[in-house]
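# Pasting a predicted model and its sequence here:
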Amino acid sequence: MLKSRISSPEAGSRPGSAPLTVSTGIASRPTELGTFPVYAHLTSTTMSGINPDGTPYHDPGVPWVNYFNGGDAVHGFYRASYGWYQSLGCVELPVNTAQYIWPYLTYGTLVTVRGPVA
């Protein structure tokens, strides 16, 4: 399986820097391809919705959130590993990485999602 990654001019401009490993949307909730501006830039928020199996989720305190396409956002999330399709459309990063890139993803910053996605 191809790993999901994110890169930015800020991260990529330093010698020795590499794209960051992220998690993107599962097959039933893929991360939409395209280019979208960041429209909300939050240090923390609660994310709620419905899982693919119909059960509700309510995740308070999701950190370093940058909404870019409807309910999709680049944000921190605690997972055992990253680089796989396991979100509900968001681009999830380790929390410390999300905190590091958060200042660079300001209002209007363009987020480009390229395939393949799940």
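Looks like it arrived, so ask away. Numbering: from 1, shown residues only.
# Name the single longest strand found in this protein.
Scanning the chain for the longest strand, with DSSP state E as the assignment, gives strand 56-69.
# residue closest to the middle of this structure?
Nearest residue to the geometric centre of the chain (C-alpha atoms, centre = their mean): residue 91, 1.8 Å.
# Give me the neighbour count for the residue lying closest to it once chain neighbours are set aside.
Once flanking residues are discounted, residue 91 sits nearest to residue 74: 4.5 Å by C-beta to C-beta, 6 or more residues apart in numbering. For every residue, glycine as well, the C-beta is placed using N, CA and C. A count of nearby residues for residue 74, using other C-beta atoms under 10 Å, gives 24.
# And residue 74, how far from residue 81?
To residue 81, residue 74 is 18 Å away according to C-beta to C-beta, to the nearest Å.
# Enumerate every residue touching the residue nearest to the centre of the chain.
Residue 91 makes contact with 4, 6, 22, 23, 24, 31, 72, 73, 74, 75, 111, 113 under the criterion C-beta atoms under 8 Å, 6 or more residues apart in numbering.
# How confident is the prediction for it, by pLDDT?
Residue 91 is assigned a predicted lDDT (pLDDT) of 94.
# Can you give me the distance of it to residue 69?
According to C-beta to C-beta, residue 91 stands 10 Å off from residue 69.
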